[in-house]
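*Asks:* Build me a model:
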Amino acid sequence: TKLVPEGQIATPSSSTTTNSSKSPSTSIRVSMPEGTCLCGAAKVIVTGEPIAHLVCHCGDCRRWTGSVNYGVLVKHEQVTIEGEYDTFNLRKTQGAEGGWDRKSCAKCHGHLTATKADGSVDDVCASVICGTGEKQVPFTPKFHAMYPSRIKDVKDGVPKYKNFPADIGGSGELVDE
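*Replies:* As a prediction, this is how the structure comes out:
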């Protein structure tokens, strides 16, 4: 559990960056979406443009969320979490490298973000920052990740990848809908 004193903010770094290398057609422009966990004790704020909105079908995400993971992929330094949260990494508990550092509210255990173990990106839970709230943004998935691991077919016309698109570190291999 990480405790942040009242009035102070826990940030992964002191600088923020904007992903300006993405063209407007492949990125989603937002201005500081934010949201909270179920009880409101932990708050997530995102600055700059997300890399992508996605739906992940991998087994780890499904077990963590209880369903597919609706996520917003952003650079790690674009995420600020205010309040107490717990971090869990399944791979590290198994003595392996990699995985994702999954952050949940220390009070209600509501999911917040998952940070890739190398610290490069965060997968912010769409349920936290997407929706119709005042500082939320619409969820507009650009692709499905890890689609062969799905538990149900999804016929939505959105690209389905074996793992991830090549421009964000995957094989770029598409699979049938």
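
*Asks:* number of nearby residues for Ala106?
*Replies:* As a burial measure, Ala106 scores 17 neighbours (other C-beta atoms under 10 Å). (Glycine included, C-beta is placed from N, CA and C.)

*Asks:* got the contact list for it?
*Replies:* 1, 41-42, 83-86 (C-beta atoms under 8 Å, 6 or more residues apart in numbering).

*Asks:* Please, a ChimeraX command that selects the buried ones among these?
*Replies:* Of the contacts of Ala106, the buried ones can be selected in ChimeraX as follows, counting by 16 or more other C-beta atoms under 10 Å:
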select :41,42,83,85
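
*Asks:* Okay, and which of the contacts of Ala106 map to strands?
*Replies:* Under the assignment DSSP state E, the contacts of Ala106 contribute 85-86 to strands.

*Asks:* Let's have the contacts of Ala106 in a markdown table, adding pLDDT and distance to Lys155.
*Replies:* Formatted as a markdown table, the contacts of Ala106 follow (pLDDT from 0 to 100; distance: C-beta to C-beta, whole Å):
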| residue | pLDDT | distance to Lys155 |
| --- | --- | --- |
| Thr1 | 43 | 42 |
| Ala41 | 97 | 38 |
| Ala42 | 97 | 35 |
| Gly83 | 97 | 39 |
| Glu84 | 97 | 41 |
| Tyr85 | 97 | 36 |
| Asp86 | 96 | 37 |
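
*Asks:* now, which of the contacts of Ala106 sits nearest Gly170?
*Replies:* Tyr85 (27.7 Å; C-beta to C-beta).

*Asks:* from memory that closest one sits against Lys103, does it?
*Replies:* Yes. Contact criterion C-beta atoms under 8 Å: Tyr85 and Lys103 qualify, at 4.7 Å.

*Asks:* Could you pull out the residues contacting both of the two?
*Replies:* Leu112.

*Asks:* Would you map the helices across the protein?
*Replies:* 59-65, 90-93, 126-129 (DSSP state H).

*Asks:* Which one of those helices lies nearest to Lys75?
*Replies:* The nearest among the helices of the chain, by C-beta to C-beta, is helix 126-129 at 14.7 Å.

*Asks:* contacting residues around the closest one?
*Replies:* Residues contacting helix 126-129 (C-beta under 8 Å, 6+ apart): 33-37, 44, 46, 53, 70-72, 110-113, 135-137, 139.
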